[in-house]
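[1] no sequence on hand, only this structure:
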């Protein structure tokens, strides 16, 4: 919990599928946490509540999805591994983009 709000960090054993779906009034902001092999790691920031329904792809290339529900402010990013490997992390409930990025950077630093 932070400032009385529930914070949720989900880890999915798959990479984010480029065809994932978000029902949002405004598109997410594309950010970066750092670089993997010289390529910026994509980070998506969703500042407003939205319907959550995104597709993931496992290491065998099979797609699966999670349940649909209303989600709060969310930061979504890949963690670990090279192309096609690693996990997708999803931080929900932190209202400030700057604070959400601080948390994500701390998670990344701890994983090194």
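    On my side now, so go ahead. Note that the structure is a prediction, hence the values are computed from the model and not measured.
[2] average pLDDT across stretch 7-23?
    Per-residue pLDDT over stretch 7-23 has a mean of 75.
[3] hmm, residue 110 and residue 79 touching each other?
    No: applying Cβ atoms under 8 Å, one finds residue 79 not in contact with residue 110, separated by 10.5 Å. All C-beta atoms are positioned from the backbone trio N, CA, C, and that covers glycine.
[4] who's more crowded, these two?
    residue 79 (18 against 7; other Cβ atoms under 10 Å).
[5] contacts only, for the closest residue to the more buried one other than its chain neighbours.
    Leaving aside its chain neighbours, residue 79 sits nearest to residue 89 (4.7 Å; criterion: Cβ to Cβ, 6 or more residues apart in numbering). Contacts were defined as Cβ atoms under 8 Å, 6 or more residues apart in numbering; by that measure residue 89 touches 9, 10, 11, 12, 76, 77, 78, 79, 104, 107.
[6] quick check: chain neighbours aside, which residue is closest to residue 29?
    Nearest to residue 29 is residue 45, by Cβ to Cβ, 6+ apart, at 4.5 Å.
[7] so what pairs up with the one you found in the strands?
    In this entry, residue 45 is beta-bridged to residue 29, residue 75, by DSSP bridges.
[8] how many neighbours does residue 8 have?
    Residue 8, neighbours per other Cβ under 10 Å, totals 13.
[9] that one is in contact with residue 94, isn't it?
    No: using Cβ under 8 Å, residue 8 makes no contact with residue 94, being 9.5 Å away.
[10] now the chain, which segments are flagged as low pLDDT?
    In the predicted model, the chain carries pLDDT under 70 at residues 17-24, 35-40, 54-55, 65-67, 81-85, 112.
[11] where do the strands sit along it?
    8-12, 15-16, 21-23, 29-36, 39-46, 50-53, 55-57, 63-65, 69-71, 74-79, 87-92 (DSSP state E).
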